[in-house]
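Participant: The amino acid sequence is not available; the structure is as follows:
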Ligand code: PXP
C-alpha cells in the first residue's frame, strides 16, 4: 500500500455561506473538522470573482491549517501577489473562465509557457511548491516540466463523466499513461476533479499517485453526516484501495 494524501477542498462550504451573504457556515471551521477526520491537506480556489472563498478565508486558513494549504489560482498578477503574501504550502495553477460553473479543463501550459513559467519562478523563489492542473495529454505534461512545475494534478473530470465500461477504461488509461510520463519526467503526480467515494477506486491505482483533491462529493456528504465523518469515510476508501 502506498500513502496517498487527501486534500479536502472546502470551497462549497463557502458557497453555502455566500448563498445568504452571511458568516456561516465557515470554511475555516470546516477545515478544522476535515483535519480531525484525517485530511492531509486543505484546498481552496480563490476565484477572480470571489464567488465562494474570500481573502479573509485564505488568510485565516494559513494560520489555522496544520497539514498543508493548497491554493488553486489562475495565473494572473493579482493572484500571484496574494499567493506571495499569504504563502500557502502549495499552489495549483488552474484556468479560469468567467461564468463557468466549475473549472472546465486543464491549463493550456503549452500555449502559455512564458506566463506560466514566470508565475512558477516567482512562487518557487518563496519556497511554495507548484502543481499545474492539466488534462491527461502528453503535450501539456511535457510543457509543465519545461515551465518548472514540481507536480501535475491530472484532471479526472472527463473520466468521472465517462459512461460505459469502454469509455471509462479509455479515460483511465489516459490518466495512467499521463502519470507514467510525468513520473519519468520527475514530476509528482496528483489527481482531482469529479472524484467521489466510488469512482476514485480505480484512480487510486494511478502510477506514482501522491495526492488527490476532492471537494464536491465530500462537502455533499458532510451536509448529511458531518464533515469529520465524511472525510474519515473517504480516507477509509483511499486506504483500502491504494
Ligand atoms: N482539483 C482542481 C484543480 C479543481 O479546480 C477542483 C474544483 O475546484 C477540484 C480538484 C475538486 O473538484 P470536485 O469539487 O469535483 O471534487
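Facilitator: Everything's here; your move. As the structure is a prediction and not an experimental result, all values here were calculated from the model.
Participant: can you map out the helices along the protein?
Facilitator: 11-20, 27-36, 55-64, 77-86, 113-125, 138-147, 157-161, 165-184, 200-203, 216-225, 227-241 (DSSP state H).
Participant: I'd like these laid out as TSV, including mean neighbour count, mean pLDDT and distance to residue 210.
Facilitator: All C-beta atoms are positioned from the backbone trio N, CA, C, and that covers glycine. Listed next are the helices of the chain as TSV, based on neighbours: other Cβ atoms under 10 Å; pLDDT from 0 to 100; distance: least, Cβ to Cβ, whole Å:
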stretch	mean neighbour count	mean pLDDT	distance to residue 210
helix 11-20	18	98	22
helix 27-36	22	98	19
helix 55-64	16	98	21
helix 77-86	15	98	21
helix 113-125	17	98	18
helix 138-147	20	98	15
helix 157-161	19	97	18
helix 165-184	17	98	10
helix 200-203	20	98	13
helix 216-225	17	98	19
helix 227-241	18	98	12
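Participant: Now the residue nearest the centre of the chain. Nearest residue, chain neighbours left out?
Facilitator: Geometric centre of the chain, nearest residue: residue 213, 4.2 Å, by Cα atoms, centre = their mean. For residue 213, ignoring the flanking residues on the chain, the nearest one in space by Cβ to Cβ, 6 or more residues apart in numbering is residue 192 at 3.6 Å.
Participant: The one you found bridge partners, please.
Facilitator: residue 155, residue 213 (DSSP bridges).
Participant: is any part of stretch 95-106 close to the ligand?
Facilitator: Yes. Against the ligand, stretch 95-106 shows contacts by Cβ under 6 Å from any ligand atom at 102, 103.
Participant: Could you list the buried residues of that stretch?
Facilitator: Neighbour counts over stretch 95-106 (16 or more other Cβ atoms under 10 Å) mark 95, 96, 103, 105, 106 as buried.
Participant: Farthest-apart pair in those, please.
Facilitator: The most widely separated members of the buried residues of stretch 95-106, counting by Cβ to Cβ, are 96 and 106 (12.2 Å).
Participant: got the residues of the protein near the ligand?
Facilitator: Neighbours of the ligand within the chain, by Cβ under 6 Å from any ligand atom: 9, 11, 45, 72, 92, 94, 102-103, 133, 153, 192-195, 213-217.
Participant: change it to 8 Å
Facilitator: Counting by Cβ under 8 Å from any ligand atom, the residues of the chain close to the ligand are 7, 9, 11-12, 43, 45, 72, 92, 94, 102-103, 133, 153, 155, 157, 160, 192-196, 213-219.
Participant: which residue of the protein sits farthest from its center?
Facilitator: Counting by Cα atoms, centre = their mean, residue 166 ends up farthest from the centre of the chain, with a distance of 26.7 Å.
Participant: Against the ligand, how distant is that one?
Facilitator: In this structure, residue 166 and the ligand are separated by 23 Å, where distance is defined by Cβ to the nearest ligand atom, to the nearest Å.
Participant: Just checking the distance from stretch 163-180 to the centre of its chain.
Facilitator: 19 Å (Cα atoms, centre = their mean, to the nearest Å).
Participant: can you pull the pLDDT of the closest residue to residue 3 other than its chain neighbours?
Facilitator: Closest residue to residue 3 apart from its sequence neighbours, by Cβ to Cβ, 6+ apart: residue 242 at 7.6 Å. pLDDT recorded at residue 242 is 94.
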